[in-house]
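> could you work out the structure for the sequence below:
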Amino acid sequence: MKYCSRCLYPSNHPLYITFDEEGVCSGCRVHEEKDVLDWGSREEKLKKILTAYKNKSENNYDCIIPVSGARDSYFIVHMVKNVYGMNPLLVTYNKQYNTDVGVRNLANLRITFNCDIMTLTVNPESVKKVTRASMRKMGSIYWHCIAGQTVYPVQVAVKFKIPLIIWGAHQGIDQVGMFSHLDEVEMTRKYRKEHDLMGYEASDLIDEFDEISSKDIVQYEYPDDKEIERVGVRGIYLNNFIRWDTRAQHEKMIDLYGYESLEQRRTFDTYNDVDCYNYSDVHDYIKFIKHGYGKVTDHVCREIRLRRMTREEGMRLVKEYESKDVKNLDLFLDWIGMTKNSFYYIIDQFRNKEIWKRNDQWEWKLQIDKFSDLEDNKKQDSCLKIKEKHTPFIITPTGKSTDAKQQYILIGKGVAN
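Residues are numbered from 1 along each chain as shown. Sure thing, here's the model as predicted:
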């Protein structure tokens, strides 16, 4: 396995990472733009875009912001409404893997910022059927979450004729440098299908075996191109115009608005994805099985590039968190109605056999000694100099609510009376 000579991304990254003659990955090279671009002028460009879409008659919303009880939702709404003075409509797809912290964060978001919000909760039985199908076809329990999160805002934009959707960071830019910030790429149906949805449209899941019909997938279908053109829908990414630093942004939101963090099972980042009991647990474990690395590697690479962590610190954290067992598998299996044997039988069909082999006890073991060649290589000319010492992420106090912990929450109250 080849690894970037600067961060710790492997060559088999599913978003097709590339390496230059110095062994530095494309993600690290594009990340260098964060230190050289004139972000002041880029923010002025963003302001002009927002001004052009502001609803002068005040009979409609200025834009749509997709939100959740985690990620950079607070920061995006803070910037768009409180800093730039836009009137956004918030939309959220209920992923149904909700934590009490995530439900509380989302409730606090809509109350604190005084925004209208629309929520889509798909019939749980349809979601379960779609999830069984996505597990069988692509080894994913998270497909419905990504599909819903990336299409519901577009559906609302078309229905209510609100042409501008504002997203946070483009994953292809931030992780693997698929584009330059200067490209100013926008949301597209093509990227969503090929990368977010692993090559599958919702209609591809219709199957008698999984008992999925067209009525089960209608909420995941992208609007017709003619409808999008009629409204003029476009989706911009703030990280093309604002220097993106998700840790610093979250800590600002903790100070300003009481955003709640949560200790994660398989990563040290306590700010991202705290709304989902599967994302940094069962979902991440499946990612590790399929690609040989987990979410902790994404977070380590980000911190290395932002010069807050050395590669040695990153290696230690990756080895520490990737070795942890999942915590919420029983909760997921009880929700979907599946046995452990069935779960592992399905997921093992997607296990990367080039890096996983069974031992004499018939247990799966990694066949690569991760980072061994990097640890032996003391000359690391590509490594970045540390600007800020790595410190633990904040664990905030837990708020009060009537929502149960470690139990399935379809729709939560979020805050106590």
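> neighbours of K357, just the number please.
When neighbours are defined as other Cβ atoms under 10 Å, K357 has 12 of them. To be clear about C-beta, it is placed using only N, CA and C from the backbone, and glycine gets the same treatment.
> what's the helix or strand hosting it packed up against?
Assigned by DSSP states H and E, K357 belongs to strand 356-358. Helices and strands touching strand 356-358, by 3 or more Cβ pairs under 8 Å, 6 or more residues apart in numbering; DSSP states H and E, are strand 364-366.
> what's in contact with the strand it packs on?
Strand 364-366 is contacted from outside by 292, 348, 351, 355-359, using Cβ atoms under 8 Å, 6 or more residues apart in numbering.
> can you give me the buried ones in that strand?
The neighbour-count check on strand 364-366 (16 or more other Cβ atoms under 10 Å) flags nothing as buried.
> same check on stretch 251-260?
Result for stretch 251-260 [16+ other Cβ under 10 Å]: buried residues 251, 253-254, 257, 259-260.
> re the thing from before, closest one of the contacts of strand 364-366 to K215?
Comparing the contacts of strand 364-366 against K215 with Cβ to Cβ places D348 closest, at 31.8 Å.
> can you tell me which of the buried residues of stretch 251-260 are in strands?
In strands, judged by DSSP state E, none of those are found.
> can you list those residues in CSV and add distance to V83 and pLDDT?
Formatted as CSV, the buried residues of stretch 251-260 follow (distance: Cβ to Cβ, whole Å; pLDDT from 0 to 100):
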residue, distance to V83, pLDDT
E251, 17, 98
M253, 13, 98
I254, 18, 98
Y257, 14, 97
Y259, 17, 98
E260, 22, 97
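> specify which member of the residues you listed is nearest to K370.
Closest to K370, out of all of the buried residues of stretch 251-260 and judged by Cβ to Cβ, is E251, at 30.0 Å.
> circling back to that earlier point, most neighbours among the contacts of strand 364-366, please name it.
With neighbours taken as other Cβ under 10 Å, the top of the contacts of strand 364-366 is G292, carrying 21 neighbours.
> wait, isn't it in contact with L8?
No. When contacts are counted by Cβ atoms under 8 Å, G292 is not listed as touching L8 (11.8 Å).
> now name the helix or strand holding the residue of the chain positioned farthest from its centre.
Ranked by distance from the centre of the chain (Cα atoms, centre = their mean), the top residue is D360, with 37.3 Å. D360 is part of no helix or strand, with elements assigned from DSSP H and E.
> need the pLDDT of K389.
On pLDDT, K389 comes in at 89.
> neighbours of the residue nearest to it when sequence neighbours are not counted, how many?
What sits nearest to K389 in space, not counting adjacent residues and going by Cβ to Cβ, 6 or more residues apart in numbering, is R308, at 7.3 Å. Neighbour count of R308, defined by other Cβ under 10 Å: 19.
> contacting residues around R308?
247, 386-390.
> in which helix or strand would I find M118?
strand 117-120.
> actually, P392.
Short version, using DSSP H and E: P392 is in no helix or strand.
> touching, it and F268? I think so.
Yes. Contact status for P392 versus F268: in contact at 7.3 Å, counting by Cβ under 8 Å.
> wait, E186 sits on F241?
No. The pair E186 / F241 is not scored as a contact, 11.9 Å apart, by Cβ under 8 Å.
> number of residues surrounding the closest residue to Q175 other than its chain neighbours?
Leaving aside its sequence neighbours, Q175 sits nearest to G27 (Cβ to Cβ, 6+ apart; 5.5 Å). G27 has 25 neighbours, counted by other Cβ under 10 Å.
> got the contact list for G27?
Listed by Cβ under 8 Å, 6+ apart, the contact set of G27 reads 4, 7, 9, 17, 174-177, 301, 305.
> for N272, same thing?
Taking Cβ under 8 Å, 6+ apart, one finds 70-71, 246, 250, 299 in contact with N272.
> that one and Y16, how far apart?
Note on N272: its distance to Y16, by Cβ to Cβ, to the nearest Å, is 23 Å.
> go on, S280?
Separation of S280 from Y16 (Cβ to Cβ) stands at 24 Å.
> so if I had to pick from the two, which one is more boxed in?
Neighbours were tallied for S280 and for Y16 using other Cβ under 10 Å; the higher tally belongs to S280 (28 against 12).
> ok, the residue lying closest to that one once chain neighbours are set aside - contacts?
Spatial nearest neighbour of S280, chain neighbours left out: Q264 (4.2 Å); criterion: Cβ to Cβ, 6+ apart. Residues near Q264 by Cβ under 8 Å, 6+ apart: 270, 273-274, 280-281.
> look at Q264 and tell me its secondary structure.
coil (DSSP: H, G, I helix; E, B strand; the rest coil).
> all strands for this protein, in order.
Along the chain, counting by DSSP E, strands occupy 63-66, 88-93, 117-120, 164-167, 234-237, 356-358, 364-366.
> now the longest helix along the chain: average pLDDT?
Using DSSP state H to define each element, the chain has its longest helix at helix 143-160. The average pLDDT for helix 143-160 rounds to 98.
> sorry, back to before: measure the residue nearest to S280 to S5 for me?
28 Å.
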